[in-house]
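Engineer: mind folding the following:
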Amino acid sequence: MTGLLFFRPRHLLGRAIDVVTHRRNGAPNVVHVAVGNQDISGGWFAVEAVAFHGVRGVFVPEGLPGVIFIPIDHVDLDALEDAACRVEGAGYDWLAYPALLIIGLLGFVGIRLRRNPVQARRRWFCSELAVYLLHQAGVTLPVGNAAAVSPQRLLNALWEEAQ
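Structural biologist: This next block holds a predicted model:
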C-alpha cells in the first residue's frame with residue numbers, strides 16, 4: 001500500500017514549524033511528510049526531503065510514535081520509483097519555510113502568488129517533494145502550487161476530502 005506518512009512534532013524545530021502552520025477541520029498537527037510504500041514487515045520504505053540530508057530513502061518502522069499514514073489510491077509504482085531515483089541525493093530547500101510564512105502573510109492581506117519566488121532549483125522541502133512524486137506517479141492531490149504547500153496544508157486538504 002502506498003501513501004503519505006505525516007509526522008507530528010517531536011522536537012523544538014518541529015514545534016516552531018507547528019506555530020506557523022495551521023490545522024483545520026480536526027486534522028492533527030504535523031510538521032513533516034514523506035511518500036511511503038508499505039513492505040511485508042508492516043513498515044514503510046519512504047522517500048523524504050529532510051534538513052541536513054536532502055532527498056533520501058529511509059525505512060519507517062510500523063508503530064513509530066507520531067506517524068499518521070494516509071493511503072493514496074491509483075499510484076503508478078514504476079513511475080513513482082523512477083521519479084524518486086531522479087531526485088535522490090538532491091539538496092534540502094532551506095528557504096522553504098521562511099518563504100511559506102511570507103506567502104501566507106501576503107495571502108492574508110490579499111496578495112496571491114502563483115509560485116514561491118525564492119524556490120531553489122534542484123532543492124526540495126518535504127511537502128513539495130511529496131506532491132511532485134505523487135504527481136509523477138499519476139496522482140493529483142487537492143492542493144495548489146506544490147512549492148507553496150506545507151505538510152499541514154497538505155494534510156488539511158486530504159483530511160477535508162475524507163470528511
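
Engineer: find me the pLDDT at the residue nearest to G138 when sequence neighbours are not counted, would you?
Structural biologist: Closest residue to G138 apart from its sequence neighbours, by Cβ to Cβ, 6 or more residues apart in numbering: D76 at 4.5 Å. Quick note: C-beta positions are derived from backbone N, CA and C, even for glycine. Model confidence at D76, given as pLDDT, is 95.

Engineer: D76 and D82: what is the separation?
Structural biologist: 9 Å (Cβ to Cβ, to the nearest Å).

Engineer: shared neighbours of the two, anything?
Structural biologist: Common contact partners of D76 and D82 (Cβ atoms under 8 Å, 6 or more residues apart in numbering): none.

Engineer: could you tell me the end-to-end distance of stretch 126-146?
Structural biologist: 10 Å (Cα to Cα, to the nearest Å).

Engineer: so what touches that stretch?
Structural biologist: Residues outside stretch 126-146 that contact it (Cβ under 8 Å, 6+ apart): 4, 32-35, 47-50, 55, 72-77, 79-80, 82-84, 87, 93, 96, 114-116, 124, 147, 149-151, 153-154, 157-158, 160-161.

Engineer: put the buried members of those into a PyMOL selection.
Structural biologist: Buried subset of these, written as a PyMOL selection, criterion 16 or more other Cβ atoms under 10 Å:
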select buried, resi 4+32+33+34+35+47+48+49+50+55+72+75+79+80+83+84+87+93+96+116+124+147+149+150+151+153+154+157+158
